[in-house]
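Q: Sequence unavailable; structure follows:
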């Protein structure tokens, strides 16, 4: 197990996955009773992990590290590095080809070929986005200064909302069918926010 876990997820079969320091990926298929650990042998933090389907998953880490599985996590292999020793805060893959990753100082990278090549996208909020997620078929993010951002074309733009909270937002999730998302932050902040055009 990573001594310092940095991200967790579940796979499509309900397995648990934890990533963290020292490039460790740990998975449990029995709700934490036993764990299978993959150690990549690097002094690198893995900061994001996502399973796209039953077989394919991707984990990203500091210094542009990309690690992928195509056998449900039985094995993990390094892929091409993200440019500029990128440090990912959050990642979101819509499918095996298209994905986004957010990093320091509001940087956003986009791939359309499964992570072989990445292109910078504009982030007009200039805020670091700490969580990326899909809402009503569109990529969203939440981050520093209470920012909620949405991808519009090739640019990330602020989503205005009533009574904005100017704090670090570390969590966000879609409320399907409700034109709303849930945001989370410090001190137990948990709030539903409308994403409808008319507030």
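A: Everything's here; your move. These figures come from a predicted structure and were not determined experimentally. Residues are numbered from 1 along each chain as shown.
Q: Please make it C-alpha for all contacts and neighbour counts, starting now.
A: Will do.
Q: The residue nearest to residue 17 when sequence neighbours are not counted is in what secondary structure piece?
A: Closest residue to residue 17 apart from its sequence neighbours, by C-alpha to C-alpha, 6 or more residues apart in numbering: residue 27 at 4.4 Å. Assigning secondary structure by DSSP states H and E places residue 27 in strand 24-28.
Q: what's that strand in contact with?
A: Applying C-alpha atoms under 8 Å, 6 or more residues apart in numbering, the external contacts of strand 24-28 come out as 1-2, 15-19, 34-40, 46, 73.
Q: so where is the protein shaky, pLDDT-wise?
A: For the chain, the stretches flagged by pLDDT under 70 are 1, 197-199.
Q: ok, now with 80
A: Along the chain, the model assigns pLDDT under 80 to residues 1-3, 197-199.
Q: What helices and strands are in contact with the strand or helix carrying residue 150?
A: Assessed by DSSP H and E, residue 150 sits inside strand 148-152. Secondary-structure packing of strand 148-152 (3 or more C-alpha pairs under 8 Å, 6 or more residues apart in numbering; DSSP states H and E): strand 138-143, strand 155-158.
Q: so what's the closest residue to residue 65 other than its chain neighbours up against?
A: In space, and not counting its chain neighbours, residue 65 is closest to residue 81: 5.3 Å by C-alpha to C-alpha, 6+ apart. By C-alpha under 8 Å, 6+ apart, the contact set of residue 81 is 63-66, 116.
Q: repeat that with 6 Å
A: By C-alpha atoms under 6 Å, 6 or more residues apart in numbering, the residues touching residue 81 are 64-66.
Q: Assign residue 97 to helix, strand or coil.
A: coil (DSSP: H, G, I helix; E, B strand; the rest coil).
Q: roughly how far apart are it and residue 110?
A: Taking C-alpha to C-alpha, to the nearest Å as the measure, residue 97 falls 10 Å from residue 110.
Q: If you count surrounding residues, which of those two has more?
A: Taking other C-alpha atoms under 10 Å, residue 97 and residue 110 do not tie; residue 110 has more neighbours (21 against 12).
Q: hang on, the more buried one in a strand?
A: Yes. Assigned with three-state DSSP, residue 110 falls within a strand.
Q: Start at 236, not 1
A: With 236 as the first residue, the last one maps to residue 345.
Q: who's in contact with it?
A: By C-alpha under 6 Å, 6+ apart, the neighbours of residue 345 are 334-335, 353-354.
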